[in-house]
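Undergrad: coords please:
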Amino acid sequence: MIYLYIFHNIVCPLVDAILLLKQRFVLPFARRDKAHGEDSNQSAYAQTGDQSYPKHMLTSQFRLPPKKYFETGSNMVYNYIMHKIFGLTLRIDKLYLICYYSFEKEMIFMPKNYQKELDNVIHTLVAEHRRPRLLLHSCCGPCSSYVLEYLSKYFDITLFYYNPNIFPREEYDLRLANQQKVLDSTDWAKLLPCEYDHTEFLTAVKGLESLQEGGERCTECFRLRLERTAKAARDGGYDCFTTTLTVSPHKNAELLNRLGEEIGKKYGVSHLPGDFKKREGYKRSIVLSEQLGLYRQNYCGCEFSKRG
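TA: A predicted model of the protein is given here:
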């Protein structure tokens, strides 16, 4: 709260005062470019006329005119000073916008640190001597290896191997066998079996087949698998659910966690945040895969990723 007080009662009035100075001294000077025959594209101020500038729409409307303009004319000292003030106020505008959106718009400029959020959850569990039941969606044996090693210290884990995106069936069976190999070699988790139906994936991504890897088709694939995991977690009475997908450097942890939170609310089950590639998680999965003799696939899973 102290930061909000400082922002609203000190930073905002200070920036407002600077903006008044800008309108009084800088803007009239910048508009002189018309008198010098400047092209309208060379100065954003030449296009703005005498309009006033809304408090929260500053940086997007300003571009610094070419420095050479400020170094010409009869009063080079005045021009130079105005150039410096102009540049400073632009930087202040940008800072003001960042502060405004950070405090007022839920910090949209600041991505969440999901590993830190997971650390906080684990710290609370340890302090309260609790060990929740976790339904962990696994995309494959190699990716699950590090995540299982890590989370099994704090959760009772059931592995949910639901991946209808994998194609062909022989590839699915090979990856499932390697997943079972991880579980047979350790005491980290037990497996919750589910049926393979590739048509579920094809239905979910219908119309998106031609899109590039990492786009909307992948988002719908994530959504399909996370929805099924959340539903199984709710029906099975688990405390929370999450996925091993974030261990991959090719997967967007921000997107996966956002989908997990959204889907968790829909089904009434907690989503466990995480970004398992952090803290050398991906590298550790490679080491564990070598130790366990696991098959490491060379494409994500579906026929469209194999095409790429």
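Undergrad: What distance do you get for residue 150 to residue 119?
TA: 11 Å (CB to CB, to the nearest Å). Quick note: C-beta positions are derived from backbone N, CA and C, even for glycine.
Undergrad: Looking at the two, which is more packed in?
TA: residue 150 (19 against 15; other CB atoms under 10 Å).
Undergrad: so which strand or helix has that one?
TA: Using DSSP states H and E, the element containing residue 150 is helix 141-151.
Undergrad: Can you name the next helix or strand after that helix?
TA: Helix 141-151 is succeeded, C-terminally, by strand 156-160 (DSSP H and E).
Undergrad: pLDDT (mean, whole number) over the very next helix or strand once past that following strand?
TA: Where DSSP H and E defines the elements, the next helix or strand beyond strand 156-160 is helix 169-185. Taken as a whole, helix 169-185 has a mean pLDDT of 97.
Undergrad: And for stretch 275-288?
TA: pLDDT averaged over stretch 275-288 gives 97.
Undergrad: Stretch 220-236 now?
TA: The model assigns stretch 220-236 a mean pLDDT of 98.
Undergrad: likewise stretch 199-213?
TA: 96.
Undergrad: Stretch 294-305 too?
TA: 94.
Undergrad: mind checking the end-to-end distance for that stretch?
TA: 21 Å (CA to CA, to the nearest Å).
Undergrad: Buried residues of it, list them for me.
TA: 294, 297, 300-305 (16 or more other CB atoms under 10 Å).
Undergrad: Contacts for that stretch, please.
TA: 139-142, 145, 163, 165-168, 171, 174-175, 178, 181-182, 201, 205, 209, 213, 217, 221, 250, 286, 288-289, 306, 308 (CB atoms under 8 Å, 6 or more residues apart in numbering).
Undergrad: redo that, cut-off 6 Å
TA: 141-142, 165-167, 178, 213, 289, 306 (CB atoms under 6 Å, 6 or more residues apart in numbering).
Undergrad: Can you list the residue ranges for helices in this protein?
TA: 2-6, 12-21, 27-30, 44-48, 67-70, 76-104, 114-128, 141-151, 169-185, 198-204, 216-235, 253-267, 281-292, 303-307 (DSSP state H).
Undergrad: who touches residue 114 in this structure?
TA: 253, 257, 273-275.
Undergrad: Tell me how many other residues crowd residue 184.
TA: Going by other CB under 10 Å, the residues that sit close to residue 184 add up to 10.
Undergrad: How about residue 187?
TA: Residue 187: 9 surrounding residues under other CB under 10 Å.
Undergrad: same thing with residue 117?
TA: There are 15 residues near residue 117, going by other CB under 10 Å.
Undergrad: Once you drop chain neighbours, what's closest to it?
TA: For residue 117, ignoring the flanking residues on the chain, the nearest one in space by CB to CB, 6 or more residues apart in numbering is residue 273 at 4.2 Å.
Undergrad: Backbone dihedrals for the one you found, both of them.
TA: Backbone torsions of residue 273, given as degrees, to the nearest 10, read phi -70, psi 160.
Undergrad: For it, give me its contacts.
TA: Per CB under 6 Å, 6+ apart, neighbours of residue 273: 114, 117-118, 257.
Undergrad: May I ask which two of the residues you listed are separated the most?
TA: 118 and 257 (9.8 Å; CB to CB).
Undergrad: Chain neighbours aside, what residue packs nearest to residue 278?
TA: According to CB to CB, 6+ apart, the nearest residue to residue 278 is residue 115 (4.1 Å).
Undergrad: I'd guessed that neighbour sits against residue 276; true?
TA: No - here residue 115 lies out of contact with residue 276, judged by CB atoms under 6 Å, at a distance of 8.0 Å.
Undergrad: Neighbour count for those two, which is higher?
TA: Shown here are residue 115 and residue 276; by other CB under 10 Å, residue 276 has more neighbours (27 against 18).
Undergrad: separation between the more buried one and residue 212?
TA: Taken as CB to CB, the span from residue 276 to residue 212 is 24 Å.
Undergrad: quick revisit: how far away is the residue nearest to residue 117 from residue 256?
TA: Taking CB to CB, one finds residue 273 at 10 Å from residue 256.
Undergrad: do residue 216 as well
TA: Separation of residue 216 from residue 256 (CB to CB) stands at 14 Å.
Undergrad: Thank you kindly, that will do.
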